[in-house]
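Peer 1: Test case, fold it:
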Amino acid sequence: MSRHYLPCALLLLGLSGCVLGPDYQRPESSYDEQWQSQLNTSVSSQPAQAEVWWQQLNDPLLSELIKGAMQQNRDLAVALANIERARALRRVAGSGYYPTLDASGSGSRSRFSRQTGFGANTGTRNTFSASLDASWELDLFGRTRRAVEAADAQIQASEAVQQGMMLSVVAELATSYFEARGLQRQLAVTERDIELLSEVEEIARAQSELGVTTELDLTRARGERETYEASLPNLEAEIAARIYRISVLTGQSPEFHAKALRESRPLPMPPDAVPVGLRSDILKRRPDVQQAERELAAATAGIGVAKADLFPKFSLTGSIGSSARVFSDLFTPATLTRTIGGALGWPVFAGGSLTAGVDVAEADTRAAFARYEQSVLLALEDGEASLMRYGKEWQTLKRLQSAEATRQQAFEIARLRYEAGEENFLVILDAERALIATRNDIISSETRILTGLAQLYKALGGGWQPVDEVLGEAHP
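Peer 2: Numbering: from 1, shown residues only. Take a look at the predicted model:
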């Protein structure tokens with residue numbers, strides 16, 4: 001290398017290590033490790049279980065449905081496509097590291113006027129040319145490096161979106177499944193309650209025929225039975241609606257799982273205590289928090305991209321080719337051409353658009369940081385509320401179970417006294433209504449415990465297998 005070019009080479013080498021914009025640092029969050037909702041609730045601070053949470057319920061059909069949803073759900077397919085798009089955009093950003101090569105060739109045959117032409121520019125003339133052109137923009141101020149950094153962060157943000165979508169799909173499917181099972185059980189209990197009401201109606205009819213009571217008691221008993229019979233169609237419709245939702249979540253037509261879910265099964269009750277780990281763990285597992293943090297990283301890198309636009313761009317260019325009047329002479333030593341050079345471009349004045357671009361990038365970063373902080377607060381709120389609801393619902397269920405035993409005893413006493421003529425019909429009717437209402441409340445409470453469990457694991461962002469393992473069969 002000539003000594004005249006050495007200073008320029010050293011200058012370019014030094015500038016090539018310059019990267020503008022702030023280096024990203026993950027925000028630190030300091031929150032109490034103890035869940036505020038853990039007091040007097042059915043949770044423990046043991047680490048969250050690693051296996052998928054629904055397998056703890058020992059319901060093979062539920063596990064099969066969730067597996068189908070993770071492989072065939074259309075929303076998850078969209079999220080997967082967005083990840084692939086983000087990876088492609090990263091390759092686009094990374095292309096700035098490499099030179100561009102363009103190949104071209106041409107051939108023409110021209111006839112010139114013999115009257116107006118002079119010398120060689122008369123008669124017919126052939127021209128053939130071919131060239132290979134190269135250009136390379138040096139990343140002197142780190143624009144490409146910051147763009148790649150932002151693209152990498154966007155890939156990770158897209159992956160977090162997919163994880164969040166998976167959490168939502170599983171939670172919604174499990175919720176619909178538990179609600180369907182609860183409604184099926186409520187339907188069965190209502191049918192048994194109708195049988196009980198029919199028995200009370202027969203007692204009232206017998207008492208009326210004996211003249212012990214009036215026909216009004218018989219009419220009241222018949223009306224009560226007919227009222228409960230009127231609730232059966234709505235229960236059947238709600239069961240069908242849940243089945244339709246489950247089918248669509250698994251990527252199938254609404255009626256696809258109707259046969260498999262038509263048979264009623266018991267509610268798969270979970271254990272009392274659920275290990276949830278420390279509160280800080282939620283910030284590591286929640287996909288929405290991870291997404292917001294990665295978007296903050298991408299926005300921070302965007303500042304460097306915008307600042308690099310304020311500085312000059314230096315490009316190296318080169319070309320090698322051949323130009324001849326006879327095609328067979330192409331690429332012979334006499335027809336070869338070559339050029340080498342450099343170009344410098346510096347936006348001296350752009351009406352303030354470039355500095356405004358930096359201001360935009362910095363404002364985007366401040367907004368991304370605020371969104372991250374908000375996502376952390378919402379995650380903690382969601383976790384605390386889900387823990388509170390789940391734990392308190394267990395307390396409600398235990399009290400309802402105790403109330404059911406008491407009201408069952410009260411109903412038996414009322415029926416015996418009514419048959420003996422010691423109480424009027426309203427006493428047994430009220431005792432019967434209270435017993436039926438408590439039974440329905442127990443079913444609703446058990447259903448809420450299960451749906452609350454699904455929402456709890458969604459709020460905690462845990463209980464998961466890696467995406468590639470779950471979706472491997474559907475997306476090789």
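Peer 1: Quickly run through the sheet partners of the longest strand along the chain, with directions.
Peer 2: Using DSSP state E, we find that the single longest strand of the chain is strand 123-137. Applying DSSP bridges to the sheet, strand 123-137 is found paired with strand 100-112 (antiparallel), strand 313-324 (antiparallel).
Peer 1: quick one: which of those has the weakest pLDDT on average?
Peer 2: Sorting the strands paired with strand 123-137 by mean pLDDT places strand 100-112 lowest, at a mean of 82.
Peer 1: one step back: what is the mean pLDDT for the longest strand of the chain?
Peer 2: Mean predicted confidence for strand 123-137 is 82.
Peer 1: Which residues belonging to it are considered buried?
Peer 2: Neighbour-count burial for strand 123-137 flags F128, S129, A130, S131, W136, E137 (criterion: 16 or more other CB atoms under 10 Å). C-beta coordinates here come from the backbone N, C-alpha and C atoms, glycine included.
Peer 1: Nearest to V92 among those?
Peer 2: Each of the buried residues of strand 123-137 was scored against V92 by CB to CB, and E137 proved nearest at 14.5 Å.
Peer 1: Can you name the residues that contact that closest one?
Peer 2: When the contact criterion is CB atoms under 8 Å, 6 or more residues apart in numbering, the partners of E137 are G96, K313, F314, S315.
Peer 1: Could you rerun that using 6 Å?
Peer 2: By CB atoms under 6 Å, 6 or more residues apart in numbering, E137 lies in contact with K313, S315.
Peer 1: Kindly report the same for V305.
Peer 2: By CB under 6 Å, 6+ apart, the neighbours of V305 are R143, R146, A147.
Peer 1: Show me just the buried residues among these.
Peer 2: R143, R146, A147.
Peer 1: Which strand or helix spans the last one?
Peer 2: For A147, the host element (DSSP states H and E) is helix 143-209.
Peer 1: mean confidence score for that helix?
Peer 2: 90.
Peer 1: Output the contacting helices and strands for it.
Peer 2: helix 60-72, helix 74-94, helix 215-230, helix 232-249, helix 287-308, helix 425-460 (3 or more CB pairs under 6 Å, 6 or more residues apart in numbering; DSSP states H and E).
Peer 1: tell me the angle the fourth one makes with helix 74-94.
Peer 2: Interaxial angle, helix 232-249 versus helix 74-94 (axes from the mean of the first three to the mean of the last three CA atoms, to 10 degrees): 30 degrees.
Peer 1: I'd like the mean pLDDT over helix 232-249, please.
Peer 2: The pLDDT scores in helix 232-249 average 95.
Peer 1: orientation of it relative to helix 60-72 in degrees?
Peer 2: 40 degrees.
Peer 1: Give me the buried positions along helix 232-249.
Peer 2: Within helix 232-249, the residues scored as buried using 16+ other CB under 10 Å are L235, E238, I239, A240, R242, I243, Y244, R245, I246, S247, V248, L249.
Peer 1: how about TSV for the residues you listed, with distance to L336 added?
Peer 2: Compiled in TSV, these are given as follows (distance: CB to CB, whole Å):
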residue	distance to L336
L235	87
E238	82
I239	82
A240	79
R242	77
I243	76
Y244	73
R245	72
I246	72
S247	70
V248	67
L249	66
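Peer 1: Tell me the one among those nearest to R90.
Peer 2: Using CB to CB, the buried residues of helix 232-249 come closest to R90 at L249, 31.0 Å.
Peer 1: give me every residue that touches the closest one.
Peer 2: Neighbours of L249 in contact, by CB under 6 Å, 6+ apart: A69, L173.
Peer 1: Look up how far S375 lies from it.
Peer 2: 25 Å (CB to CB, to the nearest Å).
Peer 1: before we move on, what about T127?
Peer 2: With CB to CB as the criterion, T127 and S375 are 65 Å apart.
Peer 1: Shouldn't R279 be within a strand?
Peer 2: No. Checked against DSSP: H, G, I helix; E, B strand; the rest coil, R279 lies outside a strand; its state is coil.
Peer 1: what sits against the closest residue to R146 other than its chain neighbours?
Peer 2: Using CB to CB, 6 or more residues apart in numbering and skipping the chain neighbours, the partner closest in space to R146 is G304 (3.4 Å). By CB under 6 Å, 6+ apart, the contact set of G304 is L20, G21, G142, R146.
Peer 1: Can you tell me which of the residues you listed has the largest number of neighbours?
Peer 2: R146 (27 neighbours; other CB atoms under 10 Å).
Peer 1: May I ask you to confirm that that one is in contact with T300?
Peer 2: No. Assessed by CB atoms under 6 Å, R146 is found out of contact with T300, at 9.0 Å.
Peer 1: wouldn't E446 be in contact with P268 here?
Peer 2: No. Contact between E446 and P268 fails when scored by CB under 6 Å: they sit 10.0 Å apart.
Peer 1: So if I had to pick from those two, which one is more boxed in?
Peer 2: E446 (22 against 17).
Peer 1: And that one, how close does it get to L283?
Peer 2: From E446 to L283 the distance is 32 Å (CB to CB).
Peer 1: For stretch 22-37, which outside residues touch it?
Peer 2: Residues contacting stretch 22-37 (CB under 6 Å, 6+ apart): L278, R279, S280, L283, A297, T300, V376, E384, L387, M388.
Peer 1: residue contacts, the residue nearest to the spatial centre of the chain?
Peer 2: In the chain, the centroid-proximal residue (CA atoms, centre = their mean) is M165; its distance is 2.0 Å. If you count contacts by CB under 6 Å, 6+ apart, M165 has them with D75, L76, A79.
Peer 1: Export the residues you listed as JSON lines, with columns for neighbour count, distance to D59 and pLDDT.
Peer 2: Shown next, in JSON lines, are the contacts of M165 (neighbours: other CB atoms under 10 Å; distance: CB to CB, whole Å; pLDDT from 0 to 100):
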{"residue": "D75", "neighbour count": "15", "distance to D59": "23", "pLDDT": "92"}
{"residue": "L76", "neighbour count": "24", "distance to D59": "22", "pLDDT": "91"}
{"residue": "A79", "neighbour count": "21", "distance to D59": "26", "pLDDT": "92"}
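Peer 1: Closest one of the residues you listed to E179?
Peer 2: D75 (20.0 Å).
Peer 1: And that closest one, how far from A88?
Peer 2: D75 is 21 Å from A88, by CB to CB.
Peer 1: do L76 as well
Peer 2: Remark: distance between L76 and A88 (CB to CB) = 19 Å.
Peer 1: Helix, strand or coil: sort out F331 for me.
Peer 2: Assigned by three-state DSSP, the conformation of F331 is coil.
Peer 1: you'd agree D133 is up against L101?
Peer 2: No. The pair D133 and L101 fails to qualify as a contact (CB under 6 Å) at a distance of 7.2 Å.
Peer 1: What is the neighbour count of S386?
Peer 2: Residues near S386, counting by other CB under 10 Å: 22.
Peer 1: Let me fix that, I meant to ask about R91.
Peer 2: The burial count assigned to R91 is 10, neighbours taken as other CB under 10 Å.
Peer 1: residue contacts, it?
Peer 2: Counting by CB under 6 Å, 6+ apart, there are no residues that R91 touches.
Peer 1: What separation is there between E404 and I303?
Peer 2: Applying CB to CB to E404 and I303 gives a distance of 63 Å.
Peer 1: let me fix that: D32
Peer 2: Computed as CB to CB, the D32 to I303 distance reads 33 Å.
Peer 1: So which of these two has more stuff around it?
Peer 2: Per other CB under 10 Å, whichever of D32 and I303 has more neighbours is I303, with 23 against 10.
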